[in-house]
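In: sequence and predicted structure, then a few things I'm wondering about:
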Amino acid sequence: MFAKLSALVGGGPALNYNVDPQQYNQAWGCWTHHSGTSREDGSPVSVFRIQAADANDLKLVAARNGVRRLKMLRHPNVLAFKDSIEVQERGIHVVYLVTEAVRPLATVLKELNLSGHHRDEYLATGMLHMTNAVSFINNSCNMIHGYLCMSAVVVTDSLDWRLHGFDLLSEHTLTGDFALKHASWMVGSQYKPAEVAKMDWDAVKQGPPWAVDSWGLGCMMQEVFSGEPLTAVEQLRRTDVIPPALLADYQKLLSSQTGRRLNPAKVAESKFLNNKLVEVVAFMENIAVKDSAEKDMFFKKLPAMIPAIPEPVAVRKILPLLSRALEYGGAPASAVSSLMLIGRMLDGDEFIKRVVPSLSRLFASSDRNLRRNLLESIDTYGQHLTTDVIENQIYPPLSNGFTDENAYIRELTLKAVLTLAPKMKQGTLNQNLLKHLSRLQVDNEPSIRANTTVLLGNIAQYLGDTYCKKVLLNAFGRALKDSFPPARIAALRALVATTKYYSPDEMALRALPAVAPLCIDPLGDVRSAALACLESFTKVLRDHDTKLQKEAAAAAAASGGLTANSAAATTAAT
């Protein structure tokens, strides 16, 4: 599927990337857009390719300008440059540009298929990012992009929008041999403001630096909210697809007078673009500079805000930010509830891919509050964990909780095993877990001793018959003597629940003598449980007696029949 770029270009310098020959359906300008991977570490990249027979072809000249400009631009909403090279392939001049991995916006929007409020939130967030990028180019760099449209937007795996396509990027002063003049031919007529269409470069220089790109931003806005490519300038008059809160700004961007076009910096102040999703992402991305009070307030509100966030954004953008914040101590332990809330949106494989790696690292944290929140919410994610994940990533750090100084952590760890045990290997249960349970049976905390017994009764079915016969009676016998009444009751009920693992001899000689004294326990609940236990064991022993009697009768009958047959044979012989 992937071809090595060095193989494509033959000898000489080569990029250390593999390129997928299959290209995306959409790409900006004259470039083709391919996915690729680094040959060093396998990380994904995007590879943009453009070619021409003549090295001085205008599109190659513009492409070189675009590559050079992108190398120098650094902004969170501008596509990140990685590498580039110009080579000859079979006599054809080819320019390769390698960037962070992205996909065309149109492709991503089609896959997401968002609607209603979620669609508005996501599109508004993306347009804010593009507005910020354009404002940076116009106001901070005093330059003109020159060809803004939906194709100039690409999207990262975390669903962030990036601006690219800088082949026409020129200083607003338009000094020297500027690209906007020589490459304006590649801009579709539907995207050209009047001054560019007329090639009135004096009007461009005399207008504000954002005038050309404000028009392009309006074109991009039309395409993004309508979901259709712009094919004629008349489509810009269609305002029913523009959100009402953005309509006034949209119309000012498309003013026929360059001096009256709205500065993108002003558009970035729109309340519609600065929505709740933007607030959440901005807070998470800048969490390092937030104080404890701000963090506590934010994460207290976050669970209620998550349903309003488009699910793909919550999974691919918010979830990684949450995971990193928790792992590196930027978020309080209460953020675990939001992590789990988003985790519920995922199926088993996706959960393992996106959440489990963080869980294993979080369980190893020394932050007790964090581990407490993880243990308290284990019911919400335990169902997604596989045996391999539990054995290799979750249980090893989790088991440290059995010996934690904090009693509540020890108790939560104990309860967590009830969720994990059905998927754990029998060897781990018998060789590791039982050792911890043995220590917890003599814990200083009465409730922990009682819950240890309850747990042991519940997981007996996963231990195997051999270990049940070896462990259960000893463990429950110890609990029967516990000074804490609920621990004694737990032992009595556990004995009843695990009756099938005891032989009649063990019941009569070991269990009944240990249970009988509790029939006169000072507490009524203990006495009731003890009598119920005795009744259960007595029934088993009665059934055993009946079985023995039947076996004895059958043996006697068989013996009598043999005697009679023997006597008859003797008489016949006489």
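Out: Here it is on my side, so go on. Residues are numbered from 1 along each chain as shown.
In: C-alpha from now on. contacts and neighbour counts both.
Out: Fine.
In: return the helix or strand in the chain with minimum mean pLDDT.
Out: Scoring the helices and strands of the chain by mean pLDDT, DSSP states H and E places helix 5-9 at the bottom, with a mean of 43.
In: can I get the helix or strand just after it as PDB, trimmed to CA atoms?
Out: On the C-terminal side of helix 5-9, the nearest following helix or strand under DSSP states H and E is strand 17-23. What follows is the C-alpha trace of strand 17-23 in PDB, where atoms were taken according to Å, rounded to 0.1, in the frame of the first residue of the first chain:
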ATOM      1  CA  TYR A  17       8.800   8.700   4.800                       C
ATOM      2  CA  ASN A  18       6.500   6.100   3.200                       C
ATOM      3  CA  VAL A  19       3.700   7.500   1.000                       C
ATOM      4  CA  ASP A  20       0.300   6.100   0.200                       C
ATOM      5  CA  PRO A  21      -0.100   6.300  -3.600                       C
ATOM      6  CA  GLN A  22      -3.800   6.700  -3.100                       C
ATOM      7  CA  GLN A  23      -4.700  10.400  -2.700                       C
END
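In: for strand 17-23, buried residues please.
Out: Of all the residues in strand 17-23, those buried under the rule 16 or more other CA atoms under 10 Å are 17-20.
In: run a quick neighbour tally on Gln93.
Out: Wrong residue type there; residue 93 is His, not Gln. Here the neighbour count serves as a burial measure; for His93 (other CA atoms under 10 Å) it reads 18.
In: I figured it hits Ala63, correct?
Out: No. Under the criterion of CA atoms under 8 Å, His93 makes no contact with Ala63, lying 11.7 Å away.
In: where do the strands sit along the protein?
Out: Counting by DSSP state E, residue ranges of the strands within the chain are 3-4, 17-23, 32-38, 44-52, 81-89, 92-100, 103-104, 143-144, 153-155, 161-163, 170-171.
In: of those strands, which is nearest Pro486?
Out: strand 44-52 (57.6 Å; CA to CA).
In: what angle sits between the closest one and strand 17-23?
Out: Relative orientation of strand 44-52 with respect to strand 17-23: 70 degrees, computed using axes from the mean of the first three to the mean of the last three CA atoms, to 10 degrees.
In: still on that earlier bit, same list, the buried residues of strand 17-23, but as CSV with distance to Asn263 and pLDDT please.
Out: Listed next are the buried residues of strand 17-23 as CSV, based on distance: CA to CA, whole Å; pLDDT from 0 to 100:
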residue, distance to Asn263, pLDDT
Tyr17, 40, 92
Asn18, 41, 93
Val19, 39, 93
Asp20, 40, 93
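In: closest to Ile242 among those?
Out: Using CA to CA, Asp20 comes nearest to Ile242 of the buried residues of strand 17-23, at 36.8 Å.
In: the closest one and Ser483, how far apart?
Out: Applying CA to CA, to the nearest Å, one obtains 71 Å for the distance of Asp20 from Ser483.
In: same deal with Ile342?
Out: From Ile342 over to Ser483 the distance is 44 Å, taken as CA to CA.
In: between these two, which has more neighbouring residues?
Out: Neighbour comparison, Ile342 and Ser483: the larger count goes to Ile342, with 22 against 10 (by other CA under 10 Å).
In: need the contact list for the more buried one.
Out: Under the criterion of CA atoms under 8 Å, 6 or more residues apart in numbering, the contact partners of Ile342 comprise 306, 314-315, 319.
In: and with 10 Å instead?
Out: Counting by CA atoms under 10 Å, 6 or more residues apart in numbering, Ile342 makes contact with 303, 306-307, 311-312, 314-315, 318-319, 322, 336, 351, 355.
In: now the residues you listed as JSON lines including neighbour count, distance to Lys252 and pLDDT?
Out: Output for the contacts of Ile342, formatted as JSON lines (neighbours: other CA atoms under 10 Å; distance: CA to CA, whole Å; pLDDT from 0 to 100):
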{"residue": "Pro303", "neighbour count": "17", "distance to Lys252": "38", "pLDDT": "93"}
{"residue": "Ile306", "neighbour count": "19", "distance to Lys252": "34", "pLDDT": "94"}
{"residue": "Pro307", "neighbour count": "13", "distance to Lys252": "34", "pLDDT": "92"}
{"residue": "Glu311", "neighbour count": "18", "distance to Lys252": "33", "pLDDT": "94"}
{"residue": "Pro312", "neighbour count": "17", "distance to Lys252": "33", "pLDDT": "95"}
{"residue": "Ala314", "neighbour count": "25", "distance to Lys252": "33", "pLDDT": "95"}
{"residue": "Val315", "neighbour count": "24", "distance to Lys252": "36", "pLDDT": "95"}
{"residue": "Ile318", "neighbour count": "23", "distance to Lys252": "33", "pLDDT": "95"}
{"residue": "Leu319", "neighbour count": "22", "distance to Lys252": "37", "pLDDT": "94"}
{"residue": "Leu322", "neighbour count": "21", "distance to Lys252": "38", "pLDDT": "93"}
{"residue": "Val336", "neighbour count": "24", "distance to Lys252": "44", "pLDDT": "90"}
{"residue": "Phe351", "neighbour count": "19", "distance to Lys252": "46", "pLDDT": "87"}
{"residue": "Val355", "neighbour count": "21", "distance to Lys252": "45", "pLDDT": "89"}
